[in-house]
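Participant: Kindly return the folded structure for what I paste below:
(3 chains)
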Amino acid sequence: MGFIELKHIGKKYANSDKNAVTDFNLEIEEKEFIAFVGPSGCGKSTTLRMIAGFEEITEGELYIDGVKMNEVAPRDRGISMVFQNYALYPHMTVEKNISYGLKNMKVPKDIIKKKVDWVIDILGLEEYRYRKPKNLSGGQRQRVALGRAIVKDQKVFLMDEPLSNLDAKLRVSMRNEISKLHRSLGSTTIYVTHDQVEAMTMADRIVIMKDGVVQQIGKPMDLYEHPQNKFVAGFIGSPQMNFYDVTVNGEEMTFADGSKMTLPKATAEKLASHKGELILGIRGEDIKFDSQNIDVYKQNSQQAVIENTEIMGNENNLYFQFGGAQTVARVSKYEVCQMGDRVEFVFMPHKMHFFDRETEMSI
Amino acid sequence: MRRKLLAVIALMLSAVCLLTGCQTSVPSPGDIEGYDDGEEYLSIWVHTIEDTDEGWCYKESVRKFNEAYNGKYFADIEFIPRNDSGGGYSDKINASVMSGGLPDVITVDGPNIAAYAVNNIIQPLAPLTEQERSEYLASILDQGTYNGKLYALGAMESSVGLYYNKDILKSAGVTVPEADDPWTFSEFLEVLEKVKPVVAEKNGYALDMTFPVGEATIYYYAPFFWSNGGDMIDETGLVADGVFNSEKNKETVEYFKTLLDKGYMSAVPVDKLFESGRAAFKFDGAWEVNTIYTSYPDINIGVAPYIVGEDWNGERYTPTGSWAFAATSKTEKLEGATELVKWMSGAESGSLLCQKTKSLPSTYKAFEENDIFRTDENYRALYNQLSKYGHPRPKTPVYPQVSTSFQQTLENCVLSGLDIQSELNKSVERINAKLKRYTYDNE
Amino acid sequence: MAFFGPALVLLTIFLFIPMILTLIFSFTDFFALNPDITHFVGFENYSQLFHDEDFRQAFGNTVRFMLIIVPLQGLGALSLALLINKVTHCKKYFKVAFFVPVVMSLAVVSTLWIQIFSPEGILNSILGNFGIDPQPFINSASQALPSIAVMSSWQGMGYQMIIFLGGLQAINPALYEAAEMDHASGWKKFKDITLPELKPLCIFVFITITIGAFRMLVQPMIMTGGGPSHSTYTMVYDIYETGTVNWEIGLASTMSIVFAFFVMILTVIQTVVTKERGNKHADKKK
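Facilitator: Coordinates of the predicted model:
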């Protein structure tokens, strides 16, 4: 029995035949940080809004702390929400924005003052107390939105892509702040984002969605190391996993361009029951260029010409054609390569993921 | 670049010309069909669009004029639209007065003749012979004369009848007197009292009387004042004090008040009270006869002689006045213009108008030519009333203000119950204010 | 420059030149029937203006019209917009239905309402059902002005309603959701979100309604002729009567200038008052 339970939650709009969300099942524990992640239109925001109460739940049941919430008004669900575009009250000062909710709930003035001061303090907003939203920067507005949400001491926080309107650097620092806040407040948080890095770094568990359907639920590393289908594998991790159409025959694996590799016995056995046509997936960091690894897996070493390099300082990305697809490999800064260089590399055999070509499920 | 600029300027200038309607020069012979060499060009404006019965009549009359005077004159007619209160046409006249584009002949509404004459918009016509003058009704000559000179001649006359519902009067046992022995004010009150129960059954009123804003009020009800020894302004048209606010007029206004106080008329206008058979009497123009005949045939309408004050001595008192033709002061072809005016206001023209629009003609001959004045008792009664008792509306250059003050006085005193003498005095003040420009310097 | 040309020509002929001429005429006793006897009278017209009882009454009536129409039409439009905004079905139908009176000609509407207001018309019939005596409406000196004012507000509401609707739809819906989370009641949402967001529109709307009310002419002219007893006689009507009917262009020009002056003052007052109130809110807790 979780703190928040979603049982077979579905959403269908009146004027379309497709479901926006289908059969969403999830149990969330208290104080957990859950991330809903997925591409645009996958239904994550819709689900969040159903939990908040701004979208009607067409199928299924929602329970918060044991109470069924399908028909309950948003304000009575014990929830606070941070909106994507912050939705700060434009003509009220920061202080008023934050205290608005408490005032409406008829909380005594001195308590309001205490809480508001506390929120302004922990979010570092003292300097902006009397400013109006139009005079604040993106990051400051974000913090006010956060402040408005946390001042009400609710049990659940919902955040709808709160960082997507910020620049890259700010995003990184705000990620940190939100995580810290979550830990210090001990709140249950549901966080919607399309950025898998945010999900990976902040969440206790991640829910990946595509086209309204849950693809996989699990801890970040679980999703990373053991993706259940090609979509999850490709969505999580940067740079994106490389995929190749391969034909497996016993221990021999042939790529579309004719290159061949030998599979370890255990892998070959695992694949034996499947048809020969498969999809191979391997992450960029599991493609090795160092002499040590190449020595070990000599018989499987491959060669290619570097088409493009991305130098990021601490790490580099190398782009080349192999196996009939464009491949990207992640290497350390010590492995310096130039465009046009001919390089030798191996695939780490135990890091290979295989997917059924038709169902795209992992094998 | 230079050429482009010149082209733009030329375009702008032509636009200006088009938009401000700059006058082009007078047309030459051959420009218009019918305009031959040697003919004198006479331009004439009328106050209606071509597409009405009246407009058609004017067009016909002009055509016949050109036929009759072929080789001597050519009249070119222009139709100016006008709305109910006279705007549109008078605006064009005003504008032309200022910009100098008046034609040779224009039409003027009777009451405005004095103002136009005083302000030199129209000039006295070339002299008419006694024979020619005798063709017109006395009221027409009276209306068109100011300061002893004849300025305008009308093609139509008008009158206001005291209409009654024959059936209602019959059931009330009331007989209508002869034309020369009309009911006096007090006698009329008795009649209304008799009629009251009959109309009460129909949820109506004895008298369908209202005081609308506009020209109608003074037109319909001035006779009450005239037949009771009063007037709106003196013969010079320049003195109102002592005339408009005389004791006699106060009496007359009180009479109107009596009509309301005794419940003979409604305080609030009810639509079509007479036409729906719920009123016994109504004062209205000559057109009402035609309206009843064509649209409300169930009503048996009769014309009673217009009522008079107690001291009436048989003097002229019934309403008259309509549009007349006059020569503008700008025309140098006074002979030709006068011929055109005589033609347009003459018997032939008047007959045509009478047949088409059922308006009363302005010449005795036209009355004789149209049978309807012999056969139909209502039209005959109106004609007799007009020719024997027709009295023009006050001849004064400040006529609009007099008309407005008249309507306001009646409305304020009768319907709103304000003090009669002070209202009359206020009106005199207003009229005097407008008279100022004519009394300090003139000509 | 060549593009400017035609528009400039039109504006000059039909706007600038008449404006200047009006100003010049206002210092004369220009009489349309006889332009030759025009004298220069300096400020005499202006000083005499308010001694004229007709003009004073016209001025008072115009102000009275404004005092009824501005709140009635403005609030009416706002209410309609709020209501229609909430409707889910037939929204377009309602928008059109309430807007249709706006595009009807003033003259047509006036004629229609003469019938509606008449002693045997619809309004009195409805009142009769409640046992109320038939009212004289436009035939009574006390009821005429309010009657016309109400009718005029009804006709014009649709226009401002559409403007408000546009403004309402431009409000970020997330604001209402945030307010919902902040336990705001319907009234509070209106007061704290809708109204402040609509404020610039409100200013525009109220100014346009005021100027429209000040220009009232057609309805009284057609329905009551300025009566009864001049109770619906407005400033523009007086200008028309003086200039066109009485031919006194000089005096009418003076009235026009004074009229324009008052409209300008009204506009300035309104703008200042509404801006000030907005700023006061902001400075409150500084």
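
Participant: Now the longest helix belonging to chain A: buried residues?
Facilitator: Using DSSP state H, we find that the single longest helix of chain A is helix A:168-185. For helix A:168-185, the neighbour count (16 or more other C-beta atoms under 10 Å in any protein chain shown) marks A:R171, A:M174, A:R175, A:E177, A:I178, A:L181, A:H182 as buried. In this view, the C-beta of every residue, glycine as well, is placed from N, C-alpha and C.

Participant: Greatest separation within the residues you listed: which pair is it?
Facilitator: Across the buried residues of helix A:168-185, the longest distance by C-beta to C-beta is 16.2 Å; it joins A:R171 and A:H182.

Participant: Tell me which other helices or strands the helix or strand containing B:V198 touches.
Facilitator: Applying DSSP states H and E as the criterion places B:V198 in helix B:185-201. Here helix B:185-201 touches helix B:166-172, strand B:205-208, helix B:247-261, strand B:279-285, going by 3 or more C-beta pairs under 8 Å, 6 or more residues apart in numbering or on different chains; DSSP states H and E.

Participant: Please identify the deepest-packed of those.
Facilitator: strand B:205-208 (a mean of 26; mean count of other C-beta atoms under 10 Å in any protein chain shown).

Participant: Sheet-wise, list the partners of it with their directions.
Facilitator: Paired neighbours of strand B:205-208 in the sheet (DSSP bridges): strand B:279-285 (parallel).

Participant: Run a quick neighbour tally on the nearest residue to A:L136 once chain neighbours are set aside.
Facilitator: Nearest non-adjacent residue to A:L136, counting by C-beta to C-beta, 6 or more residues apart in numbering or on different chains: A:Y128, 6.1 Å away. If you count neighbours by other C-beta atoms under 10 Å in any protein chain shown, A:Y128 ends up with 21.

Participant: Next, count neighbours for the residue in chain B that chain C sits nearest to.
Facilitator: Nearest residue of chain B to chain C (C-beta to the nearest C-beta) works out as B:V213 at 2.5 Å. By other C-beta under 10 Å, the residues close to B:V213 number 20.

Participant: how near is A:H194 to chain C?
Facilitator: When distance is defined by C-beta to the nearest C-beta, to the nearest Å, A:H194 is 18 Å away from chain C.

Participant: shouldn't that residue be in contact with A:A35?
Facilitator: No: the criterion here is C-beta atoms under 8 Å, and A:H194 misses it with A:A35 at 10.6 Å.

Participant: the more surrounded of those two?
Facilitator: A:A35 (25 against 18).

Participant: Chain C contacts on the stretch 201-350 of chain B?
Facilitator: Contacts of the stretch 201-350 of chain B with chain C, taken as C-beta under 8 Å from any C-beta of the partner chain, map to B:P212, B:V213, B:G214, B:S266, B:A267, B:V268, B:P269, B:V270, B:D271.

Participant: how does it look with 10 Å?
Facilitator: B:203, B:210-214, B:266-272 (C-beta under 10 Å from any C-beta of the partner chain).

Participant: And these, which two are furthest apart?
Facilitator: Among these, B:N203 and B:G214 lie farthest apart (C-beta to C-beta), at 28.1 Å.

Participant: Those two: who's more crowded?
Facilitator: Shown here are B:N203 and B:G214; by other C-beta under 10 Å, B:G214 has more neighbours (14 against 10).

Participant: Would you mind identifying the next helix or strand past the helix or strand containing C:A107?
Facilitator: C:A107 belongs to helix C:106-117 when assigned by DSSP H and E. For helix C:106-117, the following helix or strand on the C-terminal side (DSSP H and E) is helix C:122-129.

Participant: List of residues touching that next one?
Facilitator: Helix C:122-129 has contacts (C-beta atoms under 10 Å, 6 or more residues apart in numbering or on different chains) with C:113, C:115-118, C:120, C:132-137, C:147.

Participant: which of these are buried?
Facilitator: C:W113, C:I116, C:F117, C:S118, C:Q135, C:P136, C:F137, C:S147.

Participant: Show the contacting residues for the second one.
Facilitator: Residues in contact with C:I116, defined by C-beta under 10 Å, 6+ apart, are C:V109, C:I122, C:L123, C:N124, C:S125, C:F137, C:I138, C:S147, C:M151.

Participant: rerun at 8 Å
Facilitator: Counting by C-beta atoms under 8 Å, 6 or more residues apart in numbering or on different chains, C:I116 makes contact with C:I122, C:L123.

Participant: What confidence value was assigned to it?
Facilitator: The score at C:I116 is 91. That number is its pLDDT.

Participant: Ok, C:S125 next?
Facilitator: The model's pLDDT for C:S125 equals 90.

Participant: where's it relative to chain B, distance?
Facilitator: Where chain B is concerned, C:S125 sits at a distance of 14 Å (C-beta to the nearest C-beta).

Participant: what's the answer for A:G250, then?
Facilitator: Counting by C-beta to the nearest C-beta, the gap from A:G250 to chain B is 86 Å.

Participant: Run through the residues that contact that residue.
Facilitator: A:G250 neighbours (C-beta under 8 Å, 6+ apart): A:A268, A:A272.

Participant: Spell out which parts of chain A neighbour chain C.
Facilitator: Going by C-beta under 8 Å from any C-beta, the residues of chain A near chain C are A:52, A:54, A:73-75, A:79-81, A:83-85, A:87-93, A:95-96, A:100-101, A:104-105, A:130, A:132, A:148, A:152.
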